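> Below are the sequence and a predicted model for it; my questions follow.
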Amino acid sequence: MLHLASRSPRRAELLARLGLEFGLLDLDVPEQQGATEAASDYVRRVAREKAGAGLLEVVAVPGAVVLGSDTEVILDGRVFGKPADAIDAAAMLRALSGRTHEVLTAVSLVSAGREAQAASLTNVTVEPLSDADIQRYLDSGDWQGKAGAYAIQGRFEAHVERLDGSYSGVMGLPLRETAGLLRAFGLLP
Ligand SMILES: Cc1cn([C@H]2C[C@H](O)[C@@H](COP(=O)(O)OP(=O)(O)OP(=O)(O)O)O2)c(=O)[nH]c1=O
């Protein structure tokens, strides 16, 4: 039985698209980048920790497999996670304006005897944003709980000039990479 260790409704929606059944685990894993930890190591570590924490909850279930995932926005080597508040969100959006950034999502699949991971890297170019664009977006509230303070799956896509990589990966769960992991565990044909 597959379990998704995530509170993100987007991840549940994306995973459901693969057409398999899964349970949901509600976990709160701390996300704190180490002072000398590279962005890609951080994203991979957090995905692994989410899956590992989930496995502890269901380890008694025979055949339990847990999926954990983490998404971060990276600009000039700096990691933009979920903004703490609107001021933080405004600063992130100003930094992303007129630039190309990376969205890195790592996916971990763990069972009692096995662990595997995949990652997806997408380049996203945001058009120059005016102060009014940023204010309107802040007013929409769509920035809340999203890495980099935007959600590609909403009105923000109107500001995206180019996307090179995985759209589902930017949303939080790269479907191609996830399907590959699930196949390796025999959960997808
Ligand atoms: C860039 C971007 C991120 N996001 C979301 C995906 C993730 O939910 C979130 C990044 O935070 P995460 O820490 O990866 O995930 P989460 O806290 O929302 O959920 P959980 O840890 O319980 O699985 O940002 C979008 O929905 N759209 C986007 O365009």
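Alright, I've got the coordinates.
> And the helices in this structure?
Listed in chain order, the helices of the chain (DSSP state H) span 9-16, 39-58, 86-96, 131-140, 167-171, 175-184.
> most neighbours per residue, which of those helices?
Per residue and on average, the most neighbours among these fall to helix 167-171, with a mean of 23 (mean count of other Cβ atoms under 10 Å). (Each C-beta comes from the backbone N, C-alpha and C, glycine too.)
> Mind giving me the packing neighbours of it?
helix 9-16, strand 100-111, strand 114-126, helix 175-184 (3 or more Cβ pairs under 8 Å, 6 or more residues apart in numbering; DSSP states H and E).
> would JSON lines of the ones you listed with mean pLDDT and distance to the ligand be doable?
Converted to JSON lines, those look like this (pLDDT from 0 to 100; distance: least, Cβ to the nearest ligand atom, whole Å):
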{"stretch": "helix 9-16", "mean pLDDT": "97", "distance to the ligand": "5"}
{"stretch": "strand 100-111", "mean pLDDT": "98", "distance to the ligand": "5"}
{"stretch": "strand 114-126", "mean pLDDT": "98", "distance to the ligand": "8"}
{"stretch": "helix 175-184", "mean pLDDT": "98", "distance to the ligand": "13"}
